[in-house]
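Student: below are the sequence and a predicted model for it; my questions follow.
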Amino acid sequence: MTAKRFRPDVDAPEWKGGHTPYDIVKEGVIALVVVAILTVLLAVVFGSPDEPALTVKGWSNSDPMDFAATALSELNGTSGTAQYGAPYNNASTGQQLGPLTLAKWVGDRIPVNAANAFVVNPLRSLPEQPVLSADLQQWSNASATTRAGWVNNYTHAANHMKVVGGQLVVSASNAGPVQVMMSDLFQMARTGALDQALVTQKGFYTTDYTLPLLFLADGAYMANIAQKQHLTGDQWGMMNETGNYPGQAWLWLYTFWYQVSPMNTSGNGDILVWAIMMLLTLGLVLVPFIPGLRTIPRKTKVYRLIWREHYRGLT
Amino acid sequence: MSTTEVDRQWTTRLRKRVTAKLPPEKLLPDTQPSYVSSWIYVFGVTTMAALAVVIATGCLLALRGPQWWHGSSVGHFVNSLHLWSVEIFFFAMVIHLWGKYFMAAWRGGRALTWMTGVVTFVTSIAAAFTGYLCQTNFDSQWISTQAKDGINATGAGAFWNVLNMGQMLMWHIVLLPIAAVLLTAFHVLLVRVKGVVPPFDDTATVAS
């Protein structure tokens, strides 16, 4: 039988040397005890961050103008969610990887009609109020064109929007029911009722926070707080967490790509980063089969440090 | 029952196959080749020990539910234990991974061992990420709303909704830990079957 040619980056030499005693169970127990002690020490010394979750109530009281502008953007279709595309709606194509429109192909499987989800449906959940009920009825009965006209007129007037004595003040004419709807939504938010209305649209029990999170993300309030906590995309984003904690440091490479061109400026930045990371991950999985990558360990000879006792014994 | 009949049983055949591949002395060895002598080997077992602590502290958090730790000093401490065991887990795992890379630990028919290790690493990243999504605090809000754009852009967001805390909690405490533990077990069994990769030998000319 002919011997195979030895490929040093694929084949391993047969070990003909000696063996030493090795207590695998003892090693495992010692490792467990050491790690447990280290964990307790780190937890005692450093603790863990727990910045309370934001609420729509807090948002509308702390930054009422941002809340009102965001709510209006949901109604007039200019918000991030309203224009997002899949999986929430068909308002845009979404991000593209060359000719591939992956999100659009999958479609709007988590449908969100911004005007209804964030404004109309929450208002309908309020207890019977004659004026609001009549206005909501007027809204329901109107054609899409009429509604668009009302919202348009209100949006123009909202350039001079003010909050006076806890009331939203917009001097709009020909805005139909929009003035009352926006004013009542504003009050609803400030009392905390909107927080509940956003999570209970599918029933009493819920663990799905898609709507309130999309709503919060459409405003500037959450992003401003995140900026102060060094959490925005240009601050190495979500690999960090609040406070001085290591966060998800293992996401450094993923976050790195968001800092470099063209990903940091492209409208398709997210899908570009994901494509790069998928390729790199596939490359890492397949290292044993990729000439060049699998050669680096032998060429760099770092292994001589790892097995220095073995090599010292050979000389 | 005849001997032939017993030999043909699925159970008998499975037992024979398993014990041939992985006899007890390989599964729980009492000696190792003498080259297995470096601090780098500590990080594999450290990763597994940290995984055990991660799961134990996660189970403690599960006892009182996902929001317990916000209003209880004991709960907050358990959360801190969970957080730091995860940090140790990844620290050890990354060093283990780089160590194995520079050992070219896939040599000698160990490619599957390397590949399962990398897949375990990626699965663990997903597990940790979902943990951040179901903390029910500001970090969860910010990380989920930032992450949604990347995942939605791939089309996966339509099925794996990072804004759905219930879905992410289930992935974090059930599906991903099961996957991580099974992958780890398979990875370790492969190490035991194939043994620890020997050092490079520049003079070797015949494959083992």
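Tutor: Cool, got the structure. These figures come from a predicted structure and were not determined experimentally.

Student: surely residue A:163 forms part of a strand?
Tutor: Yes - assigned with DSSP: H, G, I helix; E, B strand; the rest coil, residue A:163 falls within a strand.

Student: now it: how far from residue B:118?
Tutor: Computed as Cβ to Cβ, to the nearest Å, the residue A:163 to residue B:118 distance reads 54 Å. C-betas here are computed from N, CA, C, even on glycine.

Student: more crowded one of those two?
Tutor: residue B:118 (21 against 15; other Cβ atoms under 10 Å in any protein chain shown).

Student: let me know the helix or strand that that one is in.
Tutor: helix B:111-133 (DSSP states H and E).

Student: so what does that helix touch, helix or strand wise?
Tutor: helix A:269-285, helix B:73-102, helix B:138-154, helix B:165-170, helix B:176-194 (3 or more Cβ pairs under 8 Å, 6 or more residues apart in numbering or on different chains; DSSP states H and E).

Student: quick one: buried residues of that helix?
Tutor: Within helix B:111-133, the residues scored as buried using 16 or more other Cβ atoms under 10 Å in any protein chain shown are B:111, B:113-121, B:123-133.

Student: now do the contacts for residue A:297.
Tutor: A:9, A:303, B:101, B:102, B:103, B:104 (Cβ atoms under 8 Å, 6 or more residues apart in numbering or on different chains).

Student: dump the residues you listed to CSV, plus neighbour count, pLDDT and distance to residue B:63.
Tutor: Putting the contacts of residue A:297 into CSV (neighbours: other Cβ atoms under 10 Å in any protein chain shown; pLDDT from 0 to 100; distance: Cβ to Cβ, whole Å) gives the following:
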residue, neighbour count, pLDDT, distance to residue B:63
A:9, 19, 95, 49
A:303, 23, 94, 46
B:101, 20, 98, 39
B:102, 18, 97, 42
B:103, 22, 97, 41
B:104, 25, 97, 44
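
Student: per-residue confidence averaged over stretch B:65-73?
Tutor: Stretch B:65-73 comes out with an average pLDDT of 96.

Student: now the end-to-end length of it.
Tutor: 14 Å (Cα to Cα, to the nearest Å).

Student: buried set for it?
Tutor: In stretch B:65-73, counting by 16+ other Cβ under 10 Å, buried: B:66, B:68, B:69.

Student: show me how far it is from its chain's centre.
Tutor: Remark: stretch B:65-73 is offset 27 Å from the chain centroid, using Cα atoms, centre = their mean, to the nearest Å.

Student: who's in contact with the least confident helix or strand in chain B by mean pLDDT?
Tutor: Here the helix or strand of chain B ranked lowest by mean pLDDT, DSSP states H and E is helix B:3-7, holding a mean of 84. With Cβ under 8 Å, 6+ apart as the test, helix B:3-7 has contacts from B:12, B:13.

Student: show the average pLDDT along the lengthiest helix in chain A.
Tutor: The longest helix of chain A (DSSP state H) is helix A:24-46. For helix A:24-46, mean pLDDT rounds to 97.

Student: for it, which helices and strands make contact with it?
Tutor: helix B:42-64, helix B:73-102.

Student: any chance of these in CSV, plus distance to residue A:131?
Tutor: Converted to CSV, the helices and strands packed on helix A:24-46 look like this (distance: least, Cβ to Cβ, whole Å):
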stretch, distance to residue A:131
helix B:42-64, 45
helix B:73-102, 46
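
Student: where does the stretch 151-300 of chain A dip in pLDDT?
Tutor: Residue ranges of the stretch 151-300 of chain A with pLDDT under 70: A:238.

Student: distance of the residue nearest to residue A:177 when sequence neighbours are not counted from residue B:163?
Tutor: Leaving out its chain neighbours, the residue that sits closest to residue A:177 by Cβ to Cβ, 6 or more residues apart in numbering or on different chains is residue A:135, at 3.3 Å. Note on residue A:135: its distance to residue B:163, by Cβ to Cβ, is 30 Å.
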